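Undergrad: Sharing a model that was predicted from the sequence below.
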Amino acid sequence: MLLDEAEALLKKMQASLAGVHGDPDTLQADVVQTPEGWRAAVWPFPSREQAQLINATLVARGFKTKAVNF
């Protein structure tokens, strides 16, 4: 993914988190360069379970996301 695409995706993800996460302003968000291209990332979540729940909600809303450990 190109940098500008990842940045646009990150903004959409952040807007979607407003209704899913109790306090989305406490989350960090950035685009990260990987060997496959740029990726939008949002973190930290208090538990793996919450990360998976939010990921499932984003997927249900049409995002191609996954929860990862880092």
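TA: Here it is on my side, so go on. Numbering: from 1, shown residues only.

Undergrad: quick one: average confidence on the helix or strand where D4 lies?
TA: Using DSSP states H and E, D4 falls within helix 3-17. Averaged across helix 3-17, pLDDT comes to 93.

Undergrad: For this structure, give me the ranges with low pLDDT.
TA: Regions of the chain meeting the criterion pLDDT under 70 are absent.

Undergrad: what are the ranges of the strands in it?
TA: 28-34, 37-43 (DSSP state E).

Undergrad: follow-up on the earlier one: now the helix holding D4 against strand 28-34, angle please.
TA: On the basis of axes from the mean of the first three to the mean of the last three C-alpha atoms, to 10 degrees, helix 3-17 is oriented at 150 degrees to strand 28-34.

Undergrad: Pull the residues that contact helix 3-17.
TA: 1, 24, 27, 29-31, 37-42, 54, 57-58, 61, 63, 65 (C-beta atoms under 8 Å, 6 or more residues apart in numbering). Glycine gets a C-beta too; all of them are placed from N, C-alpha and C.
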